[in-house]
Structures are given as structure tokens and as C-alpha cells.
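coordinates for the following, if possible.
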Amino acid sequence: MEFIKCKIEGLLLIKPDVYYDARGYFFESYNYEIFRKAGIDLNFVQDNQSQSIKNVLRGLHFQKPPYEQAKLVRVIKGTVIDVAVDIRTNSPTYGKYETQILSEKNNLMFYIPAGFAHGYISLDENNIFSYKCTNYYNKQSESAIRWNDPILNIDWGTTVPLLSEKDANAPLFENFISPFVYI
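Take a look at the predicted model:
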């Protein structure tokens, strides 16, 4: 398994060792000891999975402390553009974002620590997205930033995604007061 540092400190792209043969393939998507040795010594407590049709955009979501979540995300079926926005005050990359293409073909995983807003857009007709979280979902602590915020200026590949009402009406970044601090 290869752990690749991204441009924004804390984000990691993870390339598993995939073993192919005539039957198909096998790879280990998570192994606590391997992740611990790579510096991700966390207890993932909840796994989530979502299915989305093409052009569904989910995000930019996060949970406020003390219910913040680090996430390990991957695509089981289809392809997505995955986005992580640094919302850690005092970070040299505060308000900057990183995108990764995750797909069933590349088997890449994206590690997103607490202190980032996260979202993705589905590029294929049928996408299955899976992610591990280090904290349980807490409705009172959930929050979001508007997907098409002009300050963030994220290129999602479309200007008319399919959105939930919550995501369509999320607050703008200019009005955002972050509960996270860069350490």
C-alpha cells in the first residue's frame, strides 16, 4: 500500500496493492497496522455507503467539534471527483482545496483528516461511494459550505448538479467561522 502526500498538509492519497488474476482482483482496503505505521493511528467507528446517479453532488460537509470526523473515502462503483477544503484557521492552505478522481478502476482512497469540508460529484450513471469515519454522525453538529461558493471557486465539471435542499442552501464561505484550528 502506498501513501502519497497531497499538496495540502494532512491529506493523503492511498494506492492499495491490487492483485489480479483470471477470477478478478483482490485488495486490502484497510488494515489498522499498516495505516498506523503510515501515521494514521485512528479508530474508525462508522462505515457509510451512498449510491448516486450521474451529476449528484454531495457536499461540502463536515461535523463541528467535539463530533469532528476524519474520513477514509473510496469508490466501489463508478467514478467521482472528490473534494477536500481546508477549513483549519491559521493553516497556510486555509480555504484551498484538493481534488482527486476516485473510481472503481483506479481503486484509490483519499484520507481526509478532521478540519476539512468534504464533497464529491458522481461522474457515472451509477456510483457507489464508501467511507469510514472516526466519529459517529451527530445531526446537531453537522454543517456545510455552499458547493459553488465564489471564493472557493471549485471546478466540479458542471454548473447544474443534482443537489439536496440542504446543500443548495448551505452558507457561503465568506460568512463561515471555522471551529477548527491548524496545529
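
what residue of this protein is the furthest out?
A22 (32.4 Å; Cα atoms, centre = their mean).

could you pick out the longest helix of the chain?
Longest helix in the chain by number of residues, with DSSP state H as the criterion: helix 32-37.

gap between the spatially most central residue of the chain and T79?
Centroid-nearest residue in the chain: H118, 4.5 Å away (criterion: Cα atoms, centre = their mean). From H118 across to T79, the span is 17 Å (Cβ to Cβ, to the nearest Å). Just so you know, the C-beta spots here come from the backbone N, C-alpha and C atoms, and that holds for glycine as well.

over to A170?
Distance, A170 to T79, using Cβ to Cβ: 24 Å.

those two: who's more crowded?
Neighbours around A170 and T79, counted as other Cβ atoms under 10 Å, are more numerous at A170. The numbers are 23 against 17.

next, the buried residues of stretch 84-98.
Buried residues in stretch 84-98, counted by 16 or more other Cβ atoms under 10 Å: 84-88, 91, 93-95, 97-98.

okay, these in JSON lines with pLDDT, secondary structure and distance to A38 next?
Below are those laid out as JSON lines (pLDDT from 0 to 100; DSSP: H, G, I helix; E, B strand; the rest coil; distance: Cβ to Cβ, whole Å):
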{"residue": "A84", "pLDDT": "98", "secondary structure": "strand", "distance to A38": "18"}
{"residue": "V85", "pLDDT": "98", "secondary structure": "strand", "distance to A38": "23"}
{"residue": "D86", "pLDDT": "98", "secondary structure": "strand", "distance to A38": "20"}
{"residue": "I87", "pLDDT": "98", "secondary structure": "coil", "distance to A38": "24"}
{"residue": "R88", "pLDDT": "98", "secondary structure": "strand", "distance to A38": "21"}
{"residue": "S91", "pLDDT": "97", "secondary structure": "coil", "distance to A38": "21"}
{"residue": "T93", "pLDDT": "98", "secondary structure": "coil", "distance to A38": "21"}
{"residue": "Y94", "pLDDT": "98", "secondary structure": "coil", "distance to A38": "25"}
{"residue": "G95", "pLDDT": "97", "secondary structure": "coil", "distance to A38": "27"}
{"residue": "Y97", "pLDDT": "98", "secondary structure": "strand", "distance to A38": "23"}
{"residue": "E98", "pLDDT": "98", "secondary structure": "strand", "distance to A38": "18"}
